[in-house]
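Trainee: compute the structure for the input listed below.
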Amino acid sequence: MFILDLNFYPPAMEKLFSEENQIITTTIISVLLLLLMSVALLSFFFFSRKKIVEKELEKKSSELAHQREMIHATILTQENERKRIAQDLHDEISSKLNVIHLNSNLLLDGKLSQNEYIEVNKGIIDVTNRTLESARKIAHDLLPPILEKFGLKSAIEELADDFNTSKKVKIYYHIDYNKNHLETTQELHLFRILQELINNSIRHGNAKKINLDVKTVNNNLLIEYKDNGVGFNQKKQEHTRGLGMKNIESRIELLNASITIKSAIKKGVSVKITI
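Mentor: Numbers count the residues shown, from 1 in each chain. This next block holds a predicted model:
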């Protein structure tokens, strides 16, 4: 009877089995390594993608918050302008019209002496002239006539000259502006921005000198503004989030423009606007 001894292998067979085992082991290890690398890559991709999505959501959220702030600032600005106009109409126009109305009734009564008639009539003419002047002032605040008639260049020059006449500040300006480069509403926005900047330089910065340069560069309108005021710390949000600054930023967005503001304590303020 022939019995197969399984524990007996020729040396060549043992070597073959050993090499096969090594190949199998190596293959298994390689597969495991590939699986681990695949899992690692998938995990890296997943977490990287998650971070990218989170950053995008954070950016969108920040943009929406900024847009809400700008809309809120625009509404506040409009409401403040409406209140100011209403107050001006009440103080400067309505009260004077009441005086004219009362004096006109005195004339209609016909009970005045000749001297009283002349005096009341002069009073009516005087109040009427002052009412007309107030009406012109309110209309000028709403839309400067020189801006509508002669354009932005003349309006900025008149604005600077008015401040220079006041002796509060000296504005050195150079305006190289091609008429109709901007639409009328855009010119008004830019004019209001410059008004706000000058008022801030005087009121908050105690500036005595302002340099203003307006020029066209590569079909873009470039406005460079600098004062010698006390400046401010840009890291403090109260200086960058005030109503005046929000008003400027809201108008910048309406112009689809960009603005860069640089300042430091005792270094004044420099502003660059590109439209």
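Trainee: please make it C-alpha for all contacts and neighbour counts, starting now.
Mentor: Fine.
Trainee: mind checking the backbone torsions on A257?
Mentor: phi -110, psi 180 (degrees, to the nearest 10).
Trainee: quick one: contacts for it?
Mentor: A257 is in contact with I273, T274, I275, counting by Cα atoms under 8 Å, 6 or more residues apart in numbering.
Trainee: the last one and G268, how far apart?
Mentor: Spelled out, that is I275. I275 sits 23 Å away from G268, going by Cα to Cα, to the nearest Å.
Trainee: name the residue in the two with the higher neighbour count.
Mentor: G268 (21 against 17; other Cα atoms under 10 Å).
Trainee: for the more buried one, give me the pLDDT.
Mentor: Note for G268: predicted pLDDT of 91.
Trainee: what about N233, which SS state?
Mentor: coil (DSSP: H, G, I helix; E, B strand; the rest coil).
Trainee: same check, this time on D213
Mentor: strand.
Trainee: take the contacts of A257 and keep only those in strands.
Mentor: I273, T274 (DSSP state E).
Trainee: make CSV out of the contacts of A257 and add pLDDT and distance to V127.
Mentor: Output for the contacts of A257, formatted as CSV (pLDDT from 0 to 100; distance: Cα to Cα, whole Å):
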residue, pLDDT, distance to V127
I273, 95, 44
T274, 94, 46
I275, 91, 45
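Trainee: look at E148 and report its pLDDT.
Mentor: 78.
Trainee: what sits up against stretch 146-165?
Mentor: In contact with stretch 146-165 (Cα under 8 Å, 6+ apart) are residues 144, 169-171, 173, 175-177, 179-180, 184, 187-188, 191, 195.
Trainee: so after the helix or strand bottoming out on mean pLDDT in the chain, what's the next helix or strand?
Mentor: Using mean pLDDT, DSSP states H and E, the weakest-scoring helix or strand in the chain turns out to be helix 237-240, at a mean of 57. Per DSSP states H and E, the first helix or strand lying C-terminal to helix 237-240 is helix 243-254.
Trainee: just the CA trace of that following helix, in PDB.
Mentor: Presented in PDB, the C-alpha positions along helix 243-254 are these (Å, rounded to 0.1, in the frame of the first residue of the first chain):
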ATOM      1  CA  LEU A 243     -22.600 106.300   9.800                       C
ATOM      2  CA  GLY A 244     -20.400 108.700   7.700                       C
ATOM      3  CA  MET A 245     -18.100 105.800   6.600                       C
ATOM      4  CA  LYS A 246     -21.100 103.600   5.900                       C
ATOM      5  CA  ASN A 247     -22.600 106.400   3.800                       C
ATOM      6  CA  ILE A 248     -19.400 106.600   1.800                       C
ATOM      7  CA  GLU A 249     -19.200 102.800   1.400                       C
ATOM      8  CA  SER A 250     -22.900 102.600   0.300                       C
ATOM      9  CA  ARG A 251     -22.200 105.200  -2.400                       C
ATOM     10  CA  ILE A 252     -19.000 103.400  -3.500                       C
ATOM     11  CA  GLU A 253     -21.100 100.200  -4.000                       C
ATOM     12  CA  LEU A 254     -23.700 102.200  -6.000                       C
END
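Trainee: what is that helix packed up against?
Mentor: Applying 3 or more Cα pairs under 8 Å, 6 or more residues apart in numbering; DSSP states H and E, we find helix 243-254 packed against helix 11-88, helix 184-203.
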